[in-house]
Structures are given as structure tokens and as C-alpha cells.
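> A predicted structure for the sequence below; I have some questions about it.
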Amino acid sequence: MKRIAQDISKYWNYMMYSAKADLKSEVASSHLNWVWWVLEPLCMMFIYAFIFGVIFDASEQYFSIFIFIGLTMWNFFNKTVTYSVKSVKSSKSVVSKVYIPKYLLIIKKMMVNAFKMMISFGIVFCMMIFFKVSPTWNMLWWALIVLTLIVCTFAISVHLQHFGVYVEDLHNALRIVLRVIFYMSGIFYNLETRVPAPYNEILLKGNPMALLLDSMRKALLYDQNIDWGILLVVLLGSILLGLWGINRIYKNENGYAKVI
């Protein structure tokens, strides 16, 4: 833990500068600049709301916000995990010349994606005001759910980063796995009502993304009690999994340069 804290402190300025550079480069050639960070999730929300709300007659209350919450959290998870697999190889020009703890590449990318996620959550809160969602004490769970999402995403990403150095086809396999998880996480439907028992319970307890999405919607939209016990188990388990992954990277990162 001491080494991790020292590394983050030492390279913090680099990560901040690199994250800002990534954000600027994304919109450098666009006339709308940062507006795309708002338009993209909004457009996807309208598409899914039309398909599943109109064509398939979804009946969930606040359905537009329901979908937008799902897309917001999924995009953070999906983009970070996808990047992690090729993070070392894509940063070859950096890691082959100077030493930097490789997992910090993931943290840097998470900063970029977390910034976009906060913009999207800002839109969520504006939509809640527009649709007159009543404020409740359950909304305070938002911070814990976001923290769990960040830690869980990082824990998965550090292991994928390690194996991504050695397994060339891992990126292609991951795309398929993520597509399956996408449809099994209830991004645009309610797992509790649309999936028959006991499969809905299996998905909610066996798929962290499904649990986090369901918990966030219950906390923000429906004033329902969340299963904070399982949420804390996921958080603690993710912390341990993440520390294991960092330790694996520390032990093997000297050999990464030879492979790439």
C-alpha cells in the first residue's frame, strides 16, 4: 500500500497532464468540441428509449432517465476495461523509454472517463429535476455506488492489462464478453421485472454491473432500499482484487518491454 501511495503521489502531475491532453485531443478537430460529450449519450438514450419504450412498450417509470443512468455507468466501465487490454502496447513509446508503474495508465484513462461520467450524471440530475423526481435520503447512496463502480472497474482492468501484454487475441475475445455483459446488465430493461425468477437474482448477484445499475436506479429514481450488504461485499472484493492485480503488475512489468 505504501508503494502504491508513493507512486500515485509521484506521478500524479503526469496523470493529470496526460488526462487533460487526452480530453483536448478528443475534441481538437471538432466544431462542437466538448458538446459531443453531452450529445453522444443523449442521442443513444433517445435511440434506446424509442426502441424499448415505444416499440417494445417498456413500462418503467422515468424510462428516459432509467436508460441514461445505465448508459452513463456502462460507458465508464466499457471504455476503461476495453482500453486496459492494450494500454501497455499502445503506450509503447512511453513505457519503453521511461519507467512508470503500468497500472497508472489505467488510472489516467479512468480520470478521462470519470470526467465524462460526471458530465452525464449532471444531465441525469437535471432530468430528475425536469421530470420532478422527489428527493429522498436514498439518493445519498449515489457516492458509494459510484465509488464501487470505479474500484470494481479498476480491479478488472489491472488484470486485463497484465494478460493483454501476453495474449494477442484477448482484445477480440473481450469485445464479445462485454457485449454479453451489456445485454445481461439491464441497461435498457428492468432485470427484476423482465427476467423470471430465479434468473433475475442470479444476474443481480452474479453480475456486478447489473447490481450497480439496479442499485443506482433504486437510489435515485424509485426511493427503494438497496442491498448495501452485497454492495459492500463487491467493494471490498474489488479492493482485494485490485491490490492483487497491482502486485502482479509490479512483479512482471519489467518483462513487458521485452514482449511489446
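Sure, I can see it.
> Need the contact partners of stretch 151-163.
For stretch 151-163, the external contacting residues (Cβ atoms under 8 Å, 6 or more residues apart in numbering) are 76-77, 80-81, 83-85, 87-88, 102-103, 105-107, 110, 170, 174, 208, 212, 234-235, 238-239, 241-242, 244-246, 248-249, 252. In short, each C-beta sits where N, CA and C put it, glycine included.
> average pLDDT for that stretch?
Averaged over stretch 151-163, pLDDT sits at 95.
> cool, and stretch 76-87?
93.
> any idea how far Leu149 is from Ala143?
Separation of Ala143 from Leu149 (Cβ to Cβ, to the nearest Å): 11 Å.
> And these two? Which one has more around it.
Leu149 (27 against 10; other Cβ atoms under 10 Å).
> thinking that one is in contact with Thr72, fair?
No: if you go by Cβ atoms under 8 Å, Leu149 and Thr72 don't touch, sitting 10.0 Å apart.
> Just say helix, strand or coil for Gln224.
Secondary structure, DSSP: H, G, I helix; E, B strand; the rest coil: Gln224 is coil.
> For it, grab the count of nearby residues.
For Gln224, using other Cβ under 10 Å, the count is 13.
> pretty sure it is touching Lys218, no?
Yes: using Cβ under 8 Å as the test, Gln224 is close enough to Lys218 to be in contact (4.0 Å).
> Overlap in contacts, those two.
Common neighbours of Gln224 and Lys218 (Cβ under 8 Å, 6+ apart) are Asn138.
> Can you identify each of the helices in this protein by residue range?
2-10, 12-27, 36-48, 63-85, 87-90, 92-95, 103-130, 142-166, 170-184, 191-194, 199-206, 208-217, 228-252, 256-259 (DSSP state H).
> centroid residue for the protein?
The centroid of the chain falls nearest to Phe77 when counting by Cα atoms, centre = their mean (2.1 Å).
> who's in contact with that one?
Contacts of Phe77 by Cβ under 8 Å, 6+ apart are 149, 152-153, 209.
> Grab the two from those residues that are most spread out in space.
Across these, the longest distance by Cβ to Cβ is 9.3 Å; it joins Thr153 and Met209.
> Please report the distance of Asn252 from Lys86.
Distance from Asn252 to Lys86, by Cβ to Cβ: 17 Å.
> Quick one: neighbours of the nearest residue to Lys79 once chain neighbours are set aside, just the number.
Of all residues not flanking Lys79 in the chain, Asn113 sits nearest, at 5.2 Å (Cβ to Cβ, 6 or more residues apart in numbering). Other residues within reach of Asn113, judged by other Cβ under 10 Å, total 20.
> ok, Asn113 touching Asn75?
Yes: the pair Asn113 / Asn75 is scored as a contact, 7.4 Å apart, by Cβ under 8 Å.
> which of the contacts of Phe77 are buried?
149, 152-153, 209 (16 or more other Cβ atoms under 10 Å).
> Put together CSV for those, with distance to Ile129 on each row.
Listed next are those as CSV, based on distance: Cβ to Cβ, whole Å:
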residue, distance to Ile129
Leu149, 23
Cys152, 29
Thr153, 28
Met209, 27
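> Between those residues, which sits nearest Leu39?
Leu149 (23.1 Å).
> in the chain, which segments are predicted with low confidence?
Filtered on pLDDT under 70, the chain yields the residue ranges 27-34, 48-59, 96, 257, 259-260.
> how about 50 then?
The chain contains no residues with pLDDT under 50.
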